[in-house]
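1. Show me the folded form of this:
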Amino acid sequence: MSDRSSQIELLQQRYRTSLIEKSVEIAELRIQYESTDDDESAALASQTLGDFLHKLAGSAGMYGYTEIAISARNIMMTLQNDDSGQLSAQLDQLIAMCEQASDGTST
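-> Residues are numbered from 1 along each chain as shown. Got it, this is the predicted structure:
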């Protein structure tokens, strides 16, 4: 295995390991989003969650976690459309996907 291949494999392993941390952060951002009680706080929580999902979609796609990237983008659309009815289930699914991928059982 070449030195470059080893470096790429190491980066992929680090990213896979970071997915469990990302799932925890999603859960925390979800709590912030769901517990807002005024429009200003709701807008800030929505923006913060959306920004995180945007970064996750990009990084997951770059590392080959296509399903996670697609899910994150879909949730961003849900946030933009202000469709909170679907949001909880979508976030549950994304958290589970990140946890499974961090274990190496799914992408």
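
2. Give me the below-cutoff pLDDT ranges for the protein.
-> 1, 106-107 (pLDDT under 70).

3. how does it look with 50?
-> Applying pLDDT under 50 to the chain flags no residue at all.

4. Grab the longest helix from it for me.
-> helix 3-34 (DSSP state H).

5. Who are the packing partners of that one?
-> helix 39-62, helix 84-102 (3 or more CB pairs under 8 Å, 6 or more residues apart in numbering; DSSP states H and E). Backbone N, C-alpha and C define where each C-beta goes, glycine included.

6. Indicate which one of the ones you listed is closest to residue 2.
-> helix 39-62 (20.4 Å; CB to CB).

7. The closest one packs against which elements?
-> Using 3+ CB pairs under 8 Å, 6+ apart: helix 39-62 touches helix 3-34, helix 66-80.

8. helices or strands up against the last one?
-> Counting contacts by 3+ CB pairs under 8 Å, 6+ apart, the secondary-structure elements packed against helix 66-80 are helix 39-62, helix 84-102.

9. Now do the closest residue in space to residue 68 that isn't next to it in sequence: how many residues are near it, please.
-> Leaving aside its chain neighbours, residue 68 sits nearest to residue 60 (4.0 Å; criterion: CB to CB, 6 or more residues apart in numbering). Residues lying near residue 60 (other CB atoms under 10 Å) number 26.

10. which ones are touching residue 60?
-> 66, 68-69, 72 (CB atoms under 8 Å, 6 or more residues apart in numbering).
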